[in-house]
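J.: Give the three-dimensional model of this entry:
(3 chains)
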Amino acid sequence: MPGVATNDPGVGDEGDGQLTLGVEDARRAVRGARARVRKAKPKAQAERLPVARVVVDKGLVHLDRLFDYSVPAKLAEVAQPGVRVRVRFGAKVVDGRRQGGGLIDGVIVERVERSTYGGPLAPLASVVSPEIVLAPPMIELARAVADRYAGSLADIVQLALPARHARAEAEPSGEPLIRPAPPPPGPWTRYPTGTAHLAELTAGDSPRTVWTALPGPYWPDEIARAMAATLAGGRGALAVVPDAKSVERVDAALTALLGRGRHVALTSGLGPEERYRRWLAINRGSVRAVVGTRAAMFAPVVELGLALVWNDGDDSHADLNAPHPHVREVLAMRAAREHAAFTVGGHATTVEAAQLVRSGWARPLDADRAAVRAAAPLVRTTGSDLDLARDEAARAARLPSLAWDVARKALQTGPVLVQVPRRGYLVRTSCLRCREPARCAHCSGPLELPSGDGVLTCAWCTRPAPHWRCRVCGGERIRAGVIGARRTAEELGRAFPTVPVRTSGRDAILTTVPDLPALIIATPGAEPVAPGGYAAALLLDGWALLTRPDLRAGEQALHRWLDAASLVRPAGEGGTLVVVAESTLRPVQALVRWDPQGYALTELVERAELNLPPVSRMASVTGPPAGIADFLAVLRLPDGADVLGPVPVAPTTPRTPPPAPAKPDPRAAETRAELTRALFGDTPPPTREPARRIAPPTRHERVLLRIEPGRGAELAHALKAAQTLRLARAAGDPVQIRIDPPDIG
DNA sequence: AGCACGCCGACT
DNA sequence: GTCGGCGTGCTC
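T.: Numbers count the residues shown, from 1 in each chain, chains lettered A, B, ... in the order given. This next block holds a predicted model:
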């Protein structure tokens, strides 16, 4: 619609002739339009396309239907597809008149000539603003993502749209900037096809690549250059990275390359106003380059030319909210729909990325072996055998002698990174003699060593176990398996008393550390960058990462090691990496050979043989046994799909933690006590348990569904149909559907 | 999910 | 006779 482009705030009648309104005028116009509509009980419908199909963001979102509303003549022009509206929803018709029904938010998906709904249509209550926040291509994407993940359109719309902020919307977003000159290839010259790839992006081609980044600190710059090359060709670019720290680094690289104002960063840390301001600048085409975390995957970059995801194996790329769309999948869908280039990059290669190459959908973008060797540190492996540690201090710090030697030497030339498992201070325990895991005598839960004095405590029932004895061999001495960051820091500090020790973890993340001798203890993902590279890194979490009973344990261990290893100086400059893990394990060998692609490919072949994802498509359904049984009875599974299970699982943690049991109001208790005394004297009445509203911890079951490659859509569709059917009649225990479950054993 | 209609027990 | 329990079904 011509009058309602970008930031023109005109609302309602084009006939007003008020096309250049001030903010206040616009507000008044909106209020006026609303008031008129409400009062006039609009008999006057829009002449053209009088029906608006609306996705409402409340109510029966599970049913995933659009609702038709009549478009009042006053809103005929402004009620375009993609604008936010307010509608009455949930009203009852009592002898021909609507009653009740609250105003809820929605977005117009399309305007049509007539409704397929039999009943009378309610009118749109108002158009919130003329801003087109969800243009038809975005709606189509949302629809496709919802289908892919067996979710509803409303779910995706909610993920894709930031909260509106009126003040931010009233501001102009600035003129689209002149396209920059193509950037020099910089570090991309280290890749045989790097320069050519940038040229393709600038030329308007849309290559799809799986980029295995060389070790070293250059990847933010490489991402920025790929984005700049795309901008130089007149198209927009979007990069999604796992965390705010990475956003900062790419942001800085973009600023160095493009200056300020041509790009924008989207992170969850922004306030609502600033978030919406930046989002609008993108939506209005004022900014064409975007770097952000997960939620930015839906950023409405105008004329998208490149969609890039960095480190697609990182957990944070799977959305926390149902239906849990994954950045890699969404960006791949966007790239295909919007004819944009697509890059999945990282130091590691995921099995999913390897499959994109193997299927021919994408091509590799890597360096040759010589370049890898020139950039990677020397990788050495060692067992965790402490008995071999000659040095008393090393033994105390639980450092294998190799790690000790390497660290001591490296500390003469620079900082040393120590990667430890997450989970702060807790220590898993086992029998020192026979390695049987130490378990609670009461409930068989795992015993842990909390901070400080270290009294063994059960992780499940919290009972202390001061006099533990091994059930198998009768041993009485405990072996601490995984040591958290804080404790490691303490112990290393004692082992290297002259060197400063700093930690970086979940709660306090360091971004950079100076190029000075220091021990930097960090958990995976929280490793600070040393500008000149670490002199050495010790990866102490080998078995913690590898013993997880997860299909992806090996892949994730390799991913974390490679990320840490990429911060170390090249071998030629003395950079050394020590990984404490069994050297025959495949991920360890892949690290030593620096061969993430080979590892991913081997893994992919194996998954294909075992009919495992991502070659086969899987979904899980979780819930109480009765719900699962009922769901399966209702489910019309496509031919050839497998049903695995159901098997019991730990109850799924609700998305929002259940509210703490309401504290009884002391006054109410007092009154009740008084009443009780009055009625029964001093003898308390027989306590009758009030009807328990809180269900006892129900046992949950999970069933896995599997279907052959290429038929994932059928499976998702069938699951959604069953879910919809059950929800529509509100029958039985609810179950949760998850496409591509992340944690299959 | 709300919210209203509906058809059976304890109160004025 | 009415008030109200929450079982069932709809929401443009």
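J.: Does anything pack onto the one helix or strand A:Thr255 maps to? Which helices or strands?
T.: A:Thr255 belongs to helix A:244-258 when assigned by DSSP states H and E. Judged by 3 or more C-beta pairs under 8 Å, 6 or more residues apart in numbering; DSSP states H and E, the packing partners of helix A:244-258 are helix A:219-232, strand A:263-266, strand A:289-292. C-betas here are computed from N, CA, C, even on glycine.
J.: Comparing the ones you listed, which comes out most buried?
T.: Greatest average neighbour count among the helices and strands packed on helix A:244-258 goes to strand A:289-292 (a mean of 28), per mean count of other C-beta atoms under 10 Å.
J.: continuing past the helix or strand of chain A with the lowest mean pLDDT, what's the next helix or strand?
T.: Within chain A, no helix or strand scores below helix A:666-680, which has a mean of 33 by mean pLDDT, DSSP states H and E. As assigned by DSSP H and E, the chain's next helix or strand after helix A:666-680 is strand A:700-707.
J.: Name the strands paired with that next one and say parallel or antiparallel.
T.: The pairing partners recorded for strand A:700-707 under DSSP bridges are strand A:617-623 (antiparallel), strand A:642-649 (antiparallel).
J.: before we move on, back to that, can I get the helices and strands packed on helix A:244-258 in JSON lines with distance to A:Leu254 and mean pLDDT?
T.: Below are the helices and strands packed on helix A:244-258 laid out as JSON lines (distance: least, C-beta to C-beta, whole Å; pLDDT from 0 to 100):
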{"stretch": "helix A:219-232", "distance to A:Leu254": "5", "mean pLDDT": "98"}
{"stretch": "strand A:263-266", "distance to A:Leu254": "5", "mean pLDDT": "97"}
{"stretch": "strand A:289-292", "distance to A:Leu254": "6", "mean pLDDT": "98"}
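J.: Find the nearest non-adjacent residue to A:Val112, please.
T.: Nearest non-adjacent residue to A:Val112, counting by C-beta to C-beta, 6 or more residues apart in numbering: A:Val51, 4.9 Å away.
J.: Looks like the one you found contacts A:Ser115 (just checking).
T.: Yes. Under the criterion of C-beta atoms under 8 Å, A:Val51 makes contact with A:Ser115 at 4.7 Å.
J.: Of the two, which one has the most company?
T.: Using other C-beta atoms under 10 Å as the criterion, A:Val51 and A:Ser115 rank with A:Val51 on top: 20 against 17.
J.: Pop out the phi and psi values for the more buried one.
T.: Here is the backbone geometry of A:Val51 (degrees, to the nearest 10): phi -120, psi 130.
J.: ok, it - contacts?
T.: A:Val51 makes contact with A:68-71, A:111-115, A:121 under the criterion C-beta atoms under 8 Å, 6 or more residues apart in numbering.
J.: Which two of those residues have the greatest separation?
T.: Among the contacts of A:Val51, the pair separated by the greatest distance (C-beta to C-beta) is A:Tyr69 and A:Glu113, at 14.2 Å.
J.: need the strands for the stretch 251-400 of chain A, in chain order.
T.: A:263-266, A:289-292, A:304-310, A:341-346, A:363-365, A:378-382 (DSSP state E, counting those that start in this stretch).
J.: can you list the ones you listed in JSON lines and add distance to DNA strand C?
T.: Converted to JSON lines, those look like this (distance: least, C-beta to the nearest atom of the strand, whole Å):
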{"stretch": "strand A:263-266", "distance to DNA strand C": "34"}
{"stretch": "strand A:289-292", "distance to DNA strand C": "35"}
{"stretch": "strand A:304-310", "distance to DNA strand C": "32"}
{"stretch": "strand A:341-346", "distance to DNA strand C": "37"}
{"stretch": "strand A:363-365", "distance to DNA strand C": "46"}
{"stretch": "strand A:378-382", "distance to DNA strand C": "59"}
